[in-house]
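# Pasted the sequence and its predicted model underneath.
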Amino acid sequence: MFKKLKEAFKSFTQSILSFFKGEEKEEKPTPQTTSVQTVTEQVTEVSQQETTQVETTAPRVEIKVEVKAPEKEAVEKPAISTQVQQPVPEVEEKKPGIFARIAQRVTEAIAYTKLSEDKVTKLCEDLFVKLVECDVAVEVSELITENVKQELLSLKIPRFGADKEKIIREAIKRALLKTIEDVPDVDFVELVKKIHEERSPVVLLFLGPNGYGKTTTIAKIGYLLQKLGYSVVFAAADTFRAGAIEQLEEHGKRLGIRVIKHRYGADPAAVIHDAIAHAESKGIDFVLIDTAGRMHTDVNLMDELRKIYRVAEPDLSIFVADALLGNEALEVAKTYSKYVNIDGLIITKVDAYPKGGSILTFLVVLKKPIYFLGVGQRYEDLIPFRKEWFISQLLE
């Protein structure tokens, strides 16, 4: 999975490593020369700082002259007294001496190295192009490369005995996780268990255009819920697409799940109402609703979807996105979210999608959790999604 995106980050990492290994084509000073120059600069800087901080610390002598007023009985010469006031010693924080500071700077200059801003900027420009080629939206690619740049510029890489590649990968990983830090990780199984503890039946509404794998995904979730010990009923609310009801019924036969249906052309809201009523009367735990794949450009159909949402009052509204469509699927999801609430996503056909970039775009732009990745046609072919797992996969 994510082959192209993995290659982009691998190439970027190797380009950074080449800076330290001296493999880049442009000529640069030898490491020894660089170290000597750096050390000399550090010593000079410390010496200059120390010189500017030298102050005269000798005690100051203050002479005070006091003139006494003459008494009425006799006129005497004014008495002059002198008092030496010793300065009050100031308590200063103990600072390392000049030689200790020089030693610290020299040690740091020899032990560590940093990437230059010019070099990092050039590498990040190359990374930006590769991200866009992998279906990462332009604005998302800009955000990622800026975060990566800041992480790399803050790095201090040990010159000796360190796994430089690991350090660089960890920096890139931190940058990517920062990019999606405001997107929650949600454990779908724990979430539906919690909802079921509060009320039953739990209603799950599945959204998305035709061809995104919505019906197959419903069957996979039904299979998962059965494995957890729950009872399930399907609602065939796609009364528009030819063969949609039969497709859901076939899955129902294989899984032993009843399908509540009406004739083609019937009101989808009526199907949903009947399915929920059936679940309530039979004590069924979950109602999974299949909806027609409305094109996001058809305002009338989207208004009908809003009506369906209002009748269903779903506990979770799940958008099923086709990874193969890349950023086109993102635009569809954004339009859907204007008409109905989207709680989370399931991304399908990930096993046939080598680019991987649209997943990053979904997370950054929609800021909704991804519950699962669909990676095949079997009912078991759902991978629970976690942000850290996903980023680790990209940096393998």
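Looks like it came in fine. Residues are numbered from 1 along each chain as shown.
# Write down the beta-bridge partners of Ala237, one by one.
Thr291 (DSSP bridges).
# thought it was touching Lys307?
No: assessed by Cβ atoms under 8 Å, Ala237 is found out of contact with Lys307, at 11.3 Å. To be clear about C-beta, it is placed using only N, CA and C from the backbone, and glycine gets the same treatment.
# Same drill for those two, tell me which one is more crowded.
Comparing Ala237 with Lys307 by other Cβ atoms under 10 Å, the one with more neighbours is Ala237, at 31 against 14.
# For stretch 349-362, buried residues please.
349-350, 353, 355-362 (16 or more other Cβ atoms under 10 Å).
# same question, stretch 201-211
Neighbour-count burial for stretch 201-211 [16+ other Cβ under 10 Å]: 201-209.
# For the protein, which element, helix or strand, carries the lowest mean pLDDT?
helix 31-53 (a mean of 48; mean pLDDT, DSSP states H and E).
# Assign Leu248 to helix, strand or coil.
The three-state assignment at Leu248 reads helix, by DSSP: H, G, I helix; E, B strand; the rest coil.
# got a list of what it touches?
Counting by Cβ atoms under 8 Å, 6 or more residues apart in numbering, Leu248 touches 215, 218-219, 234, 236, 238, 259, 261, 290.
# per-residue confidence for Gln85?
What the model reports for Gln85 is a pLDDT of 52.
# measure the nearest residue to Ser141 once chain neighbours are set aside to Thr121 for me?
In space, and not counting its chain neighbours, Ser141 is closest to Leu131: 4.0 Å by Cβ to Cβ, 6 or more residues apart in numbering. Distance of Leu131 to Thr121, given as Cβ to Cβ, to the nearest Å: 15 Å.
# what do you get for Thr13?
17 Å.
# So those two - more neighbours on which side?
Using other Cβ under 10 Å, the more surrounded residue of Thr13 and Thr121 is Thr13, with 19 against 14.
# correct me, but that one touches Ala171?
No: with contact defined as Cβ under 8 Å, Thr13 does not count as touching Ala171 (9.6 Å).
# quick one on the thing from earlier: what residues are shared contacts of Ala237 and Lys307?
Ala269.
# Quick check: pLDDT value at Arg294.
pLDDT for Arg294: 63.
# Could you number the chain from 28 rather than 1 from now on?
In the new numbering, first residue 28, that becomes Arg321.
# tell me the contacts of Leu372?
Contacts of Leu372 by Cβ under 8 Å, 6+ apart are 345-348, 360, 389, 393, 395-398.
# Now Val230: which helix or strand?
Here Val230 sits within strand 229-234, counting by DSSP states H and E.
# From Leu182, how far out is Val230?
Val230 sits 49 Å away from Leu182, going by Cβ to Cβ.
# Repeat that for Gln274.
53 Å.
# can you give me the strands in this structure?
Counting by DSSP state E, the chain has strands at residues 139-140, 184-185, 229-234, 259-264, 285-287, 313-318, 343-349, 371-375, 397-401, 409-411.
# Can I get those in CSV including mean pLDDT and distance to Leu251?
Output for the strands of the chain, formatted as CSV (pLDDT from 0 to 100; distance: least, Cβ to Cβ, whole Å):
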stretch, mean pLDDT, distance to Leu251
strand 139-140, 62, 50
strand 184-185, 74, 45
strand 229-234, 96, 11
strand 259-264, 96, 10
strand 285-287, 97, 17
strand 313-318, 96, 10
strand 343-349, 95, 13
strand 371-375, 96, 11
strand 397-401, 97, 9
strand 409-411, 96, 7
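# can I get those strands in a markdown table with distance to Ser45?
Output for the strands of the chain, formatted as a markdown table (distance: least, Cβ to Cβ, whole Å):
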| stretch | distance to Ser45 |
| --- | --- |
| strand 139-140 | 14 |
| strand 184-185 | 13 |
| strand 229-234 | 47 |
| strand 259-264 | 55 |
| strand 285-287 | 59 |
| strand 313-318 | 52 |
| strand 343-349 | 37 |
| strand 371-375 | 34 |
| strand 397-401 | 33 |
| strand 409-411 | 34 |
